[in-house]
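Q: coordinates only, sequence not included:
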DNA sequence: GTCTATACTCGGATAGAC
DNA sequence: GTCTATCCGAGTATAGAC
């Protein structure tokens, strides 16, 4: 839910090993086909076996490239997120002004509001990452949160220097808070669309002013 | 808690003739035994069938009282939450002063920090509730969020009247924000214990002062 | 390394016995 | 209403064929 502005980074494929070779290409091919299936049917009701059948491989073969269904969904999420970031980077480039930390979260959240499936997938994967037995998902989201927070810190620092927000606040704590608020509000909004997601976030912007 | 009497899912919906009581009692008996199994083994690796076997019923029988594994986990969560609230109510009664909205979230979060399994269960169930196909879990958490927000609103109003916090802020938006921040920060903390959960929440307290 | 075959347990739905 | 028996498709682990 907080696919907020991150510093663009090289795509390091999530699952298997380092050798960039034929296997990676095959993996990518399978992933592309799988993405298509998910796009048509949605991830929710689509089983590993269905996907495998649909793209013409055995489910065992699919599992050879993605160690688990969760890994496949993680790759799906990562792909979508990357795509969004590229779009955002473009849009941002078009504008002359850099958005503030809160503003950036708002614009990200505004997009999410139109694709609840994405937020839901995010929520599922994060919940899975909290479990002890999913170390890879855990690492993925730990690093993702770090990146998102760090991006927020950069913006906050700039805003402090320009006098846009209070200079006496700890930017690290503040960054964690803003990311948390954005995530949590999106969850509440999905359960109750009366929640004023943007309004609540704007309130934070208000509170930060000197 | 909800004004409604206990169990959100009644095994005897419309059947008019007599004895709800027996089925309800049996259900409660099974739940108690199941809670014990979860306490020993933890919910994570414990399958429906394991639980059923452990307490001496067929898994079919278990599913007769809890329509799904998720329902069983929901009952587990509800039971634990109720127990905690009772404890908190006592502790609160012992103190002379009512805590503020943020303070209340902090003390709740402080407890959670010592039982990560509980937070993880919460996270899993919330993620499940976001899916279309789980209307009961969805309703449960929709109502829960409403109650939690409403409780925060009450505290915020009192704090506004006493001049403890700014009076010009919309308490509804603020309540949603505080709940969101608390949830989101706990998630981040579970993935990275360097996160200063309490510090970030205290910052909110700070921002709200007139 | 890539993939097939197989088997296991899982959550869940069904039908029918009491 | 309570429960057993049974079946299905799911995710996943393993062995071994190529």
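A: It's in. The structure presented is a predicted model; accordingly, all values stated were derived computationally and were not measured.
Q: CA only for contacts and neighbour counts going forward, please
A: Will do.
Q: What does residue A:98 show for phi and psi?
A: When quoted as degrees, to the nearest 10, the phi and psi of residue A:98 stand at phi -80, psi 140.
Q: Quick one: check the host helix or strand of residue A:25 for contact with DNA strand C.
A: Here residue A:25 sits within helix A:22-41, counting by DSSP states H and E. Yes - against DNA strand C, helix A:22-41 shows contacts by Cα under 7 Å from any atom of the strand at A:22, A:23, A:24, A:26.
Q: What is the burial count for the second one?
A: Here the number of neighbours of residue A:23 (other Cα atoms under 10 Å in any protein chain shown) works out to 13.
Q: Also the last one?
A: Under the neighbour criterion other Cα under 10 Å, residue A:26 is assigned a count of 12.
Q: quick one: it and residue B:132, what's the gap?
A: According to Cα to Cα, to the nearest Å, residue A:26 stands 34 Å off from residue B:132.
Q: re the thing from before, give me the contact list for the helix holding residue A:25.
A: Residues from elsewhere that reach helix A:22-41, judged by Cα atoms under 8 Å, 6 or more residues apart in numbering or on different chains: A:46, A:51, A:52, A:54, A:55, A:62, A:65, A:72, A:75, A:76.
Q: Which residues does the helix or strand just after that helix contact?
A: Next along the chain after helix A:22-41, taking DSSP H and E as the criterion, comes helix A:48-54. For helix A:48-54, the external contacting residues (Cα under 8 Å, 6+ apart) are A:34, A:37, A:58, A:59, A:62, A:69.
Q: Now rank those by neighbours and give me the top one.
A: residue A:62 (24 neighbours).
Q: Leaving out sequence neighbours, find the closest residue to it.
A: Spatial nearest neighbour of residue A:62, chain neighbours left out: residue A:52 (6.3 Å); criterion: Cα to Cα, 6 or more residues apart in numbering or on different chains.
Q: Count the residues that sit near residue A:181.
A: Neighbours around residue A:181, by other Cα under 10 Å: 28.
Q: Nearest to DNA strand C within chain A, name that residue for me.
A: Proximity of chain A to DNA strand C (Cα to the nearest atom of the strand) peaks at residue A:23, 2.8 Å away.
Q: Quick check: the gap between residue A:39 and residue B:133.
A: 19 Å.
Q: for residue A:53, same thing?
A: Using Cα to Cα, we find residue A:53 at a distance of 24 Å from residue B:133.
Q: Equivalent analysis for residue A:176, please.
A: With Cα to Cα as the criterion, residue A:176 and residue B:133 are 32 Å apart.
Q: Neighbour count: these two, which is higher?
A: The neighbour comparison of residue A:176 against residue B:133 (other Cα under 10 Å) goes to residue A:176, with 27 against 12.
Q: show me the contacts for that one.
A: By Cα under 8 Å, 6+ apart, residue A:176 lies in contact with A:149, B:185, B:188, B:195, B:200.
Q: among the residues you listed, which two are most distant?
A: A:149 and B:200 (13.0 Å; Cα to Cα).
Q: re earlier: can you count the residues close to the residue nearest to residue A:62?
A: The number of residues packed near residue A:52 is 20, by other Cα under 10 Å.
Q: Show me the shaky parts of chain A.
A: Counting by pLDDT under 70, chain A has low-confidence residues at A:1-20.
Q: ok, 90 please
A: Chain A contains residues with pLDDT under 90 at A:1-23, A:44-45, A:88-89, A:91-92, A:95-97.
Q: Show me where it has its helices.
A: Here chain A has its helices, by DSSP state H, at A:22-41, A:48-54, A:59-65, A:69-94, A:101-112, A:116-129, A:135-161, A:171-191, A:197-208.
Q: tell me which parts of chain A are close to DNA strand C?
A: With the criterion set to Cα under 7 Å from any atom of the strand, chain A comes near DNA strand C through A:22, A:23, A:24, A:26, A:57, A:58, A:59, A:60, A:61, A:64.
Q: Kindly recompute the last result at 6 Å.
A: Applying Cα under 6 Å from any atom of the strand, one finds that chain A approaches DNA strand C through A:22, A:23, A:57, A:58, A:60, A:61, A:64.
Q: Now that we have these, can you turn them into TSV and tack on distance to DNA strand D?
A: Compiled in TSV, the residues of chain A next to DNA strand C are given as follows (distance: Cα to the nearest atom of the strand, whole Å):
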residue	distance to DNA strand D
A:22	15
A:23	14
A:57	12
A:58	9
A:60	5
A:61	8
A:64	8
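Q: Now rank those residues by neighbours and give me the top one.
A: Among these, the one with the most neighbours (other Cα under 10 Å) is residue A:58, at 16 neighbours.
Q: Need the nearest residue in space to it, chain neighbours excluded.
A: Once flanking residues are discounted, residue A:58 sits nearest to residue A:52: 5.7 Å by Cα to Cα, 6+ apart.
Q: Now do the contacts for residue A:146.
A: So residue A:146 contacts nothing (Cα under 8 Å, 6+ apart).
Q: Same check on residue A:207?
A: Per Cα under 8 Å, 6+ apart, neighbours of residue A:207: B:207, B:208.
Q: Any figure for the gap between it and DNA strand D?
A: Using Cα to the nearest atom of the strand, to the nearest Å, one obtains 44 Å as the distance from residue A:207 to DNA strand D.
Q: tell me the angle of the helix holding residue A:25 relative to helix A:69-94?
A: Angle, helix A:22-41 to helix A:69-94, by axes from the mean of the first three to the mean of the last three Cα atoms, to 10 degrees: 80 degrees.
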